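[1] need a 3D model of the sequence below.
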Amino acid sequence: MSDHTETDATAQLPPEGTDSKPGTQGHDQPVPEAYASFMRQGWGDRELDLPAHPVTAWTARRRARLAETFPGERLVVPAGTFKVRSNDTDYRFRPDTAHTYLCGNQTSDAVLVVEDGESVLYARPRSSRDTDEFFRDRQYGELWVGRRPSLHEISSSLGLTVRHLDELPGRLRSSAKTRVLRGVDASVDAEVPADEGRDQDFARVLSEMRLVKDEWELRELTEACDITTLGFTDSVREWDNVLKYGERWVEGTFFRRARAMGNDIGYDSIVGGGKHATTLHWIENSGPIIPGELVLLDMGVEGRNLYTADVTRTLPVDGTFTALQRDLYSLVLGAQQAGIDAVRPGVGFLEPHNAAMAVIAQGLGDLGLLPCSVEEALSPDSRVYARWTLHSTSHMLGMDVHDCAQASRDTYHEGDLQAGMALTVEPGLYFQEDDLLVPEELRGIGIRIEDDIVVTADGCTNLSASLPREADAIEEWMGALRA
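    Residues are numbered from 1 along each chain as shown. Modelled structure (predicted):
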């Protein structure tokens, strides 16, 4: 199929002498007609060599399952579009999770429509030479941002019927009963009157479909964990620069590995040296790494197909734990192991959390910090132990770091674990620097240990087990890498 048949009528470029995008004043030169006419001539045609995507068989089954859940209805799942970072610069595009889960597409602005057993992807193709988009548009122009695949190329790769995005409004305006994944693409939201109940139910189903991972997904998660281990290893291997430049060096080092072997980081890396480790989502990463302290590293690689790892290790900056640090670390490690041991099919999702918190509460009691008995502290009506642990021990993991977020509470938080589910186990202890209820020597210490666990038929598997967890193993690992 020639790309010249795919004229992008949505690209309404401004007239001669004006800017191609708001915010580019002072950058774009005038475009005389002679220049524009000359630019439209003399271009050859070429096809991208896009192989069949290995996920196509899995996505076809997912779409069939979705259609069976809503028979006789039109289901609309957008990929989303660019988001402004500052003025005329956008963030790197990352498609909506549900969209890519159902079809594998990662191009911007596309919309998947599933109806009557048929799936059609409406996509924005490569820039046509019939308009000036390809050399003038800073957001979509091929000479500015690179070549997008043609409709034919997308179709061949994903095994889907693909039509021009311009045809979508006509499809959406017909009278079929329609559900839309809202909040992803404002232009799609505007085309179909909202039905809050029906659309929220649609989002719920899309989340719950992803609770149990198939074989493809588990391979992708395993790869993300393996690359994440390499990123942690890179960071320790460069420890001299970490000591020199601080938290930023770890962030940058890990990001390099994520981009080299994956798509990106799965979330903003948390590099908390010293007291910064007591801030759960410390992503500023601007502080020093000081000998004698601990550093908490919560980092995960997002793979090329958007599945992300989520791993945390707390390391002694000197390479060796002090006696106090080792005692506290061992308490958190014991809690994590209790949580991992609780992961198996048929138990409640909250059981790993409850098992880990029982260990944490007992440890806090042994330290003399609880204002009541351990049993009273663990009561749902008390939970005073949470002053020093704050967060839940687990969340689902997949294409989103906090995956399946729209699933119903009955199915997720209050549901049972099933083989194929992937979740984190990540207890922590956090003693704030200004907490007057703890001894001074504990203040400013934060410890979290996190691994990515898959529920199996008879228990569980730790996908991130290749990264040392035990205190002795961490010291040996750091020593070998630094040597």
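[2] and for Ala60, the neighbour number?
    Here the number of neighbours of Ala60 (other CB atoms under 10 Å) works out to 16. Every residue, glycine included, has its C-beta placed from N, CA and C.
[3] so what's Arg182 closest to, chain neighbours aside?
    Nearest residue to Arg182 in three dimensions, chain neighbours excluded: Asp199, at 5.0 Å (CB to CB, 6 or more residues apart in numbering).
[4] just the pLDDT for the one you found.
    Taken from the predicted model, the pLDDT recorded for Asp199 is 95.
[5] contacts only, for it.
    Taking CB atoms under 8 Å, 6 or more residues apart in numbering as the definition of contact, the neighbours of Asp199 are 179-182.
[6] and it, that one's in a helix?
    Yes. Counting by DSSP: H, G, I helix; E, B strand; the rest coil, Asp199 is found in a helix.
[7] redo the contacts of Asp199 as JSON lines? Include secondary structure, pLDDT and neighbour count.
    Shown next, in JSON lines, are these (DSSP: H, G, I helix; E, B strand; the rest coil; pLDDT from 0 to 100; neighbours: other CB atoms under 10 Å):
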{"residue": "Arg179", "secondary structure": "strand", "pLDDT": "96", "neighbour count": "22"}
{"residue": "Val180", "secondary structure": "strand", "pLDDT": "97", "neighbour count": "25"}
{"residue": "Leu181", "secondary structure": "coil", "pLDDT": "98", "neighbour count": "24"}
{"residue": "Arg182", "secondary structure": "coil", "pLDDT": "97", "neighbour count": "19"}
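[8] out of those, which is nearest to Asp116?
    Distance ranking of these against Asp116, using CB to CB, places Arg179 first at 13.9 Å.
[9] just give the closest residue to that closest one, not the sequence neighbours.
    Using CB to CB, 6+ apart, the closest residue to Arg179 is Phe202 (4.1 Å).
[10] max-length helix in this structure?
    Ranked by residue count, the top helix of the chain under DSSP state H comes out as helix 215-237.
[11] packing partners of the helix or strand just after it?
    Beyond helix 215-237 in the direction of the C-terminus, DSSP states H and E gives the next helix or strand as helix 239-245. Helices and strands touching helix 239-245, by 3 or more CB pairs under 8 Å, 6 or more residues apart in numbering; DSSP states H and E, are helix 247-261, helix 471-482.
[12] winner for burial among these?
    Mean neighbours per residue, mean count of other CB atoms under 10 Å, is largest over these for helix 247-261, with a mean of 20.
[13] what lies in contact with that helix?
    In this structure, residues lying in contact with helix 247-261 by CB under 8 Å, 6+ apart are 227, 230-232, 234-235, 238, 241-242, 264-265, 269, 271-273, 276, 285-289, 295, 297, 299, 301-302.
[14] kindly report the same for stretch 162-172.
    Here stretch 162-172 makes contact (CB under 8 Å, 6+ apart) with 6, 8-10, 76, 109-111, 113, 120-125, 151-152, 154-155, 178, 188, 191-192.
[15] what sits against Ala361?
    Contact criterion CB under 8 Å, 6+ apart gives 370, 374, 377-378, 385 as the residues in contact with Ala361.
[16] how about Gly273?
    Under the criterion of CB under 8 Å, 6+ apart, the contact partners of Gly273 comprise 246-247, 287-290, 293-296, 317.
[17] hmm, try it at 7 Å
    With contacts defined as CB atoms under 7 Å, 6 or more residues apart in numbering, Gly273 is in contact with 246-247, 287-290, 293, 295.
[18] before we move on, what about His391?
    When contacts are taken as CB under 7 Å, 6+ apart, His391 is in contact with 280, 428.
[19] repeat the analysis, applying 8 Å as the threshold.
    With CB under 8 Å, 6+ apart as the criterion, the residues that contact His391 are 280, 426, 428.
[20] gap between it and Arg448?
    Here His391 is placed at a distance of 9 Å from Arg448 (CB to CB, to the nearest Å).
[21] before we move on, what about Glu293?
    Distance, Glu293 to Arg448, using CB to CB: 15 Å.
[22] tell me which two in the contacts of Asp199 are the farthest apart.
    Among these, the pair separated by the greatest distance (CB to CB) is Arg179 and Arg182, at 9.3 Å.
[23] so the nearest residue to Leu112 once chain neighbours are set aside, which state does it fall into?
    Nearest-residue entry for Leu112: Val77, 4.6 Å, with adjacent residues in sequence omitted and distances by CB to CB, 6+ apart. The three-state label for Val77, taken from three-state DSSP, comes out as strand.
[24] can you report how many residues lie near Val77?
    Burial measure for Val77: 29 neighbouring residues, criterion other CB under 10 Å.
[25] all strands of the stretch 351-483 of the chain, in order?
    Using DSSP state E, counting those that start in this stretch, the strands assigned to the stretch 351-483 of the chain run over residues 422-425, 428-431, 445-448, 451-456, 459-462.
[26] deepest of these, which one?
    Between these, the one whose residues have the most neighbours on average, counting mean count of other CB under 10 Å, is strand 422-425 (a mean of 26).
[27] show me what that strand is packed up against.
    For strand 422-425, the helices and strands in contact under the criterion 3+ CB pairs under 8 Å, 6+ apart are helix 215-237, helix 323-341, helix 351-366, strand 451-456.
[28] how far away is the residue lying closest to Glu238 once chain neighbours are set aside from Glu450?
    Counting by CB to CB, 6+ apart, the nearest residue to Glu238 once its immediate chain neighbours are dropped is Thr253, at 5.5 Å. As judged by CB to CB, Thr253 and Glu450 stand 19 Å apart.
[29] next one: Ala361
    Counting by CB to CB, the gap between Ala361 and Glu450 amounts to 19 Å.
[30] if we can go back for a sec, export the strands of the stretch 351-483 of the chain to TSV and tack on distance to Asp132 and mean pLDDT?
    Supplementary listing: those in TSV, determined by distance: least, CB to CB, whole Å; pLDDT from 0 to 100:
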stretch	distance to Asp132	mean pLDDT
strand 422-425	47	98
strand 428-431	55	98
strand 445-448	52	98
strand 451-456	48	98
strand 459-462	54	98
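[31] in a markdown table, list the ones you listed along with distance to His402.
    Rendered in a markdown table, the data for the strands of the stretch 351-483 of the chain read as follows (distance: least, CB to CB, whole Å):
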| stretch | distance to His402 |
| --- | --- |
| strand 422-425 | 9 |
| strand 428-431 | 16 |
| strand 445-448 | 16 |
| strand 451-456 | 13 |
| strand 459-462 | 19 |
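[32] Asp96: which of those is closest?
    strand 422-425 (19.6 Å).
[33] one step back: need the residues touching each of His391 and Arg448.
    Taking CB under 8 Å, 6+ apart as the contact rule, the neighbours common to His391 and Arg448 are 426, 428.
[34] low-confidence ranges in this protein?
    1-26 (pLDDT under 70).
[35] mind redoing it with 50?
    Filtered on pLDDT under 50, the chain yields the residue ranges 1-20, 22.
[36] break it down into its domains, please.
    3-208, 215-482 (automatic domain parsing).
[37] tell me the buried residues in the longest helix of the chain?
    217-218, 220-236 (16 or more other CB atoms under 10 Å).
[38] what angle sits between that helix and strand 451-456?
    Using axes from the mean of the first three to the mean of the last three CA atoms, to 10 degrees, the inter-axis angle of helix 215-237 relative to strand 451-456 is 160 degrees.
[39] one step back: do you know which of the helices and strands packed on strand 422-425 lies nearest Trp43?
    Going by CB to CB, the one of the helices and strands packed on strand 422-425 nearest Trp43 is helix 215-237, 37.5 Å.
[40] output that closest one as CSV, restricted to C-alpha atoms.
    Extracted as CSV, the C-alpha positions of helix 215-237 are listed here (Å, rounded to 0.1, in the frame of the first residue of the first chain):
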residue,chain,number,x,y,z
GLU,A,215,2.9,-16.8,29.7
TRP,A,216,3.9,-13.9,27.5
GLU,A,217,3.5,-11.5,30.3
LEU,A,218,5.5,-13.6,32.8
ARG,A,219,8.4,-13.8,30.3
GLU,A,220,8.3,-10.0,29.9
LEU,A,221,8.3,-9.4,33.7
THR,A,222,11.2,-11.8,34.1
GLU,A,223,13.2,-10.0,31.5
ALA,A,224,12.4,-6.6,33.2
CYS,A,225,13.6,-8.0,36.5
ASP,A,226,16.8,-9.4,34.9
ILE,A,227,17.6,-6.0,33.4
THR,A,228,16.8,-4.3,36.7
THR,A,229,19.4,-6.5,38.4
LEU,A,230,22.0,-5.3,35.9
GLY,A,231,21.0,-1.7,36.6
PHE,A,232,21.6,-2.2,40.4
THR,A,233,24.9,-3.9,39.6
ASP,A,234,26.0,-1.0,37.4
SER,A,235,25.2,1.4,40.2
VAL,A,236,27.3,-0.5,42.8
ARG,A,237,30.1,-1.0,40.3
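[41] alright, that wraps it up for me.
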